[in-house]
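Participant: Whatever this is, show me its structure:
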Amino acid sequence: MKIEKIDHICFAVEDLEKTKKIYKENLGLVPAVEYVAESEFIKVARYYIGDVAVELMESTTAEGEVAKFIKKRGEGVFLISYKVEDLDGALAELKAKGADLIDKEPRALFGTRYAFIQKPNQLCGVLTELIEGDFDITRVQEAGRKT
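Facilitator: Below you'll find the predicted structure:
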């Protein structure tokens, strides 16, 4: 498996609008795109800083993983995503090495395929995913028009 780069880093936040305001006022950052991923129970503001995206994520339900994370640990770094060329091959390699995979099969969202690979307690307390493909803003916009 070859990790090409860090694709994005996600921060769990309680109040997305409040955090976006702080990012704009203090850091001069404006989201490149905002979206709701119903399958993951999150509302997201995505920023690009160089080649790496930063996502602020608010849970859309108290039962969502982001809400559970905040309840247990408070706001903070929730996830790091590493880009790979061959997600299926990377998952097969990890499985062969005996990794306790969260996702046995890739998920799909907005032009990407991704998989959560191991529980946070196995990787320095951070949920880690591998991702293949490029985030497609037009697919986000199309999803928004459907709702």
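Participant: In the protein, where is pLDDT below threshold?
Facilitator: Of all residues in the chain, those with pLDDT under 70 make up the ranges 137-147.
Participant: which helices and strands does the helix ranked longest in it pack with?
Facilitator: For the chain, the helix that runs over the most residues, judged by DSSP state H, is helix 16-27. Judged by 3 or more C-beta pairs under 8 Å, 6 or more residues apart in numbering; DSSP states H and E, helix 16-27 is in contact with strand 42-49, strand 52-59. In this view, the C-beta of every residue, glycine as well, is placed from N, C-alpha and C.
Participant: Tell me which of those sits most buried.
Facilitator: Of those, the one with the most neighbours on average (mean count of other C-beta atoms under 10 Å) is strand 52-59, at a mean of 22.
Participant: Tell me which other helices or strands it touches.
Facilitator: For strand 52-59, the helices and strands in contact under the criterion 3+ C-beta pairs under 8 Å, 6+ apart are strand 3-12, helix 16-27, strand 42-49, helix 65-73.
Participant: Kindly export the helix or strand just after the second one (C-alpha atoms) in CSV.
Facilitator: Sequence order places strand 33-37 as the next helix or strand after helix 16-27, per DSSP states H and E. What follows is the C-alpha trace of strand 33-37 in CSV, where atoms were taken according to Å, rounded to 0.1, in the frame of the first residue of the first chain:
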residue,chain,number,x,y,z
VAL,A,33,-18.3,23.8,0.2
GLU,A,34,-20.8,22.8,2.8
TYR,A,35,-22.9,19.6,2.8
VAL,A,36,-24.9,17.1,4.7
ALA,A,37,-23.9,13.5,4.5
